[in-house]
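Sequence and computational prediction follow.
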Amino acid sequence: EAWGMPRLDADKRGNLHYSVLLFLSGVQAAVWYGFILLFATGLTKNVSHCTTARRGAERCGSYYLKSKTLRIACSEKCKSTLRHQQIYRAVKRLRTG
């Protein structure tokens, strides 16, 4: 079954190809529209994955668009957590080094 509007196209060699234009509604349509905008405007290179380690060694794992204020983390909270971890590692190196 095809959930959408069927299409029949011919390529340059004259081969017929069957495809379907999917019908989307609600959340699916919004998500796909967002993906189309990301790829059409070239913002895919700005999408990043937050790797901030929180208590219990679990990672944040959120995806975010990099901006001037959020280049290394997805939120101000994750950004300050990363900064504190960086300071802790530097102090630890000074003490042991």
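Good, I have the coordinates.

L24 is in contact with W32, isn't it?
Yes: if you go by CB atoms under 8 Å, L24 and W32 touch, sitting 5.9 Å apart. (C-beta placed from N, C-alpha, C; glycine too.)

Need the phi and psi values for R59.
Main-chain torsions, R59, degrees, to the nearest 10: phi -90, psi 160.

Equivalent analysis for C50, please.
Dihedral pair for C50: phi -80, psi 130, per degrees, to the nearest 10.

ditto for K68
According to degrees, to the nearest 10, K68 has phi -60, psi -40.

Could you do R95 as well?
Torsion angles, degrees, to the nearest 10, at R95: phi -70, psi -40.

and it, how far is that from I87?
13 Å (CB to CB, to the nearest Å).

between these two, which one's more packed in?
I87 (10 against 7; other CB atoms under 10 Å).

Locate the more buried one within the secondary structure: which element?
helix 76-96 (DSSP states H and E).

I'd like the average pLDDT over that helix.
Across helix 76-96, pLDDT averages out at 92.

Show the average pLDDT along stretch 35-46.
87.

if I pick L43, what's in contact with it?
The neighbours of L43, taking CB atoms under 8 Å, 6 or more residues apart in numbering as the test, are 37, 65.
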